[in-house]
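1. starting from these lines, generate the structure:
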Amino acid sequence: MEENSNIKRYNFLKVEIEYYFLFILTLILSIIGLVMVSSASMSVGERYFGDPYWFIRRQVIWWVISFGFFILASKINYNIYRKFSNLIILILIGLLALVVIPGFGVEVGGSRRWLDLWFFNIQPSEFVKIAIVIFFCDNLERKYRYGRLFKNLIFPSFFVLFVITILIFFEPDLGAVVIIWLVAFVVMFAGEVRIKHLFGLGLMGLIVTVSYLFMEEYRRERLFAFINRTAESEGVNFQSYQALVALGSGNLTGVGLGNSIQKYSYLPEAHTDFIFAIIGEELGLVGTLIVVVLFILLMYFGVRVCIKARDYFSRVMAAGLISIIIIPAIINIFVVVGLSPVTGLTLPFISSGGSSLFVNMIAVGILLNISRRNTLSGVINNDREQLK
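-> Numbers count the residues shown, from 1 in each chain. Predicted coordinates:
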């Protein structure tokens with residue numbers, strides 16, 4: 001009865017500082033995303049759909065939907081996900097399989113990554129990121145945590161990861177595979193998987209990824225173009241070159257919001273993969289640094305939630321969820337500034353794309369719930385001590 005009364009007395013004002021900052025930072029980043037998509041996508045919408053507001057409307061609709069699920073995810077007890085981890089991963093594997101089937105999958109730019117749901121399209125590889133975190137956390141706790149046997153890590157965790165990898169390779173989407181593998185390794189590291197097991201799986205994953213990288217000529221060209229900086233700016237290095245032009249044009253304070261020149265067909269994917277370059281052009285070094293600092297703060301408070309977690313499952317899950325956002329952000333920014341080959345990854349919260357925004361909002365929503373539950377557990381434990 002005493003615990004029930006404590007739960008009833010628990011309210012929003014009792015949450016810790018991580019909750020507030022994660023909530024506010026997510027809102028700021030997503031609002032920046034709405035503003036920048038509005039600025040970067042108008043010329044693309046006019047050119048392809050005859051409507052300059054086509055991408056803006058879609059992004060606003062996705063933001064409203066995502067925000068609703070963001071609040072919902074912050075309220076639902078995160079422990080419920082482990083009960084359905086197998087079902088969730090099976091559903092996502094099924095959706096990935098449907099993507100590669102003509103008639104179900106939507107092909108854009110030579111890649112079949114989206115699933116046609118009549119009213120809108122979704123990208124299952126984005127949803128797999130959260131599914132793999134939940135699935136790995138559940139299996140690590142139930143099958144690996146105590147025995148630490150390699151076979152318990154391989155089956156079913158790594159086996160499922162391998163199946164997902166093959167399905168995404170068929171799309172193809174090498175960037176998504178890299179992110180999913182890196183997120184899985186963050187989860188395993190946080191889950192105290194033995195270093196020799198991590199090394200063995202990492203070596204296996206590296207061999208598979210590199211082999212796949214060299215199977216297609218355009219992937220080899222991207223890699224060699226990144227290594228060979230003297231390659232022509234009008235060829236494989238075109239996007240990277242134009243991104244650097246955009247960043248350089250912005251100088252310290254930018255040319256002004258909406259005044260980008262590069263977004264007018266000079267920089268491909270200006271509203272998605274290379275939106276960070278448009279931020280640099282329109283808002284200058286100041287704007288890009290603000291975005292970078294916001295992501296650093298998001299990572300910092302996400303890690304604090306992980307450190308303060310009161311059980312194994314929530315600690316490992318928090319680590320995986322924050323990595324879903326931070327790893328793509330780092331890679332995307334590195335690509336734009338020329339420190340990484342072009343990967344096709346979007347900038348979380350900011351780039352145009354409904355599935356990505358939805359998944360990132362859900363990830364932070366679950367982090368908020370973990371933070372709330374950590375605080376509630378502390379309140380109940382303190383009251384128990386007082387009763388003694």
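2. and stretch 82-98, what's buried?
-> For stretch 82-98, the neighbour count (16 or more other C-beta atoms under 10 Å) marks Arg82, Ser85, Ile88, Ile89, Leu92, Ile93, Leu95, Leu96 as buried. All C-beta spots, glycine's among them, are computed from the backbone N, C-alpha and C.
3. look up the closest residue to the third one, ignoring the ones flanking it.
-> If I follow you right, that is Ile88. Ala131 (5.0 Å; C-beta to C-beta, 6 or more residues apart in numbering).
4. so who does that neighbour touch?
-> Contact analysis of Ala131 by C-beta atoms under 8 Å, 6 or more residues apart in numbering lists Ile88, Ile89, Ile91, Leu92.
5. which parts of the stretch 1-150 of the chain are helices?
-> 2-9, 17-49, 54-75, 80-83, 85-99, 124-139, 150-153 (DSSP state H, counting those that start in this stretch).
6. low-confidence ranges, the stretch 101-250 of the chain, go.
-> 109-110, 216, 218, 229-236 (pLDDT under 70).
7. re the thing from before, and the helices of the stretch 1-150 of the chain, which is most packed in?
-> Mean neighbour count (mean count of other C-beta atoms under 10 Å) peaks for helix 124-139 among the helices of the stretch 1-150 of the chain, with a mean of 25.
8. what is the orientation angle of that helix with helix 85-99?
-> For helix 124-139 against helix 85-99, the angle between stretch directions is 160 degrees (axes from the mean of the first three to the mean of the last three C-alpha atoms, to 10 degrees).
9. circling back: rebuild the helices of the stretch 1-150 of the chain as a markdown table, extending it with distance to Val177.
-> Formatted as a markdown table, these follow (distance: least, C-beta to C-beta, whole Å):
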| stretch | distance to Val177 |
| --- | --- |
| helix 2-9 | 42 |
| helix 17-49 | 24 |
| helix 54-75 | 24 |
| helix 80-83 | 23 |
| helix 85-99 | 11 |
| helix 124-139 | 8 |
| helix 150-153 | 19 |
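10. among these, which is nearest Phe358?
-> Closest approach to Phe358 among those (C-beta to C-beta): helix 54-75, 4.6 Å.
11. report the angle between the closest one and helix 124-139.
-> Using the same axes, to 10 degrees: helix 54-75 against helix 124-139 is 10 degrees.
12. neighbouring contacts of helix 54-75?
-> With contacts defined as C-beta under 8 Å, 6+ apart, helix 54-75 is touched by 23, 26, 30, 33-34, 37-38, 41-42, 44-45, 48, 271, 352, 354, 357-358, 361-362, 364-366, 368-369, 372.
13. now it against helix 17-49, angle please.
-> Using the same axes, to 10 degrees: helix 54-75 against helix 17-49 is 160 degrees.
14. what about dumping the CA coordinates of helix 54-75 to PDB?
-> Extracted in PDB, the C-alpha atoms of helix 54-75 (Å, rounded to 0.1, in the frame of the first residue of the first chain):
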ATOM      1  CA  TRP A  54       5.400  19.200 -50.800                       C
ATOM      2  CA  PHE A  55       8.300  18.100 -48.500                       C
ATOM      3  CA  ILE A  56       7.400  20.600 -45.900                       C
ATOM      4  CA  ARG A  57       3.900  19.400 -45.500                       C
ATOM      5  CA  ARG A  58       5.000  15.800 -45.200                       C
ATOM      6  CA  GLN A  59       7.700  16.600 -42.600                       C
ATOM      7  CA  VAL A  60       5.200  18.600 -40.500                       C
ATOM      8  CA  ILE A  61       2.700  15.700 -40.600                       C
ATOM      9  CA  TRP A  62       5.400  13.300 -39.600                       C
ATOM     10  CA  TRP A  63       6.500  15.600 -36.800                       C
ATOM     11  CA  VAL A  64       3.000  15.800 -35.300                       C
ATOM     12  CA  ILE A  65       2.700  12.000 -35.500                       C
ATOM     13  CA  SER A  66       6.200  11.500 -34.100                       C
ATOM     14  CA  PHE A  67       5.700  13.900 -31.300                       C
ATOM     15  CA  GLY A  68       2.500  12.100 -30.200                       C
ATOM     16  CA  PHE A  69       4.300   8.700 -30.100                       C
ATOM     17  CA  PHE A  70       7.300  10.500 -28.400                       C
ATOM     18  CA  ILE A  71       5.000  11.400 -25.500                       C
ATOM     19  CA  LEU A  72       3.400   8.000 -25.500                       C
ATOM     20  CA  ALA A  73       6.800   6.200 -25.400                       C
ATOM     21  CA  SER A  74       7.800   8.400 -22.500                       C
ATOM     22  CA  LYS A  75       4.800   7.100 -20.500                       C
END
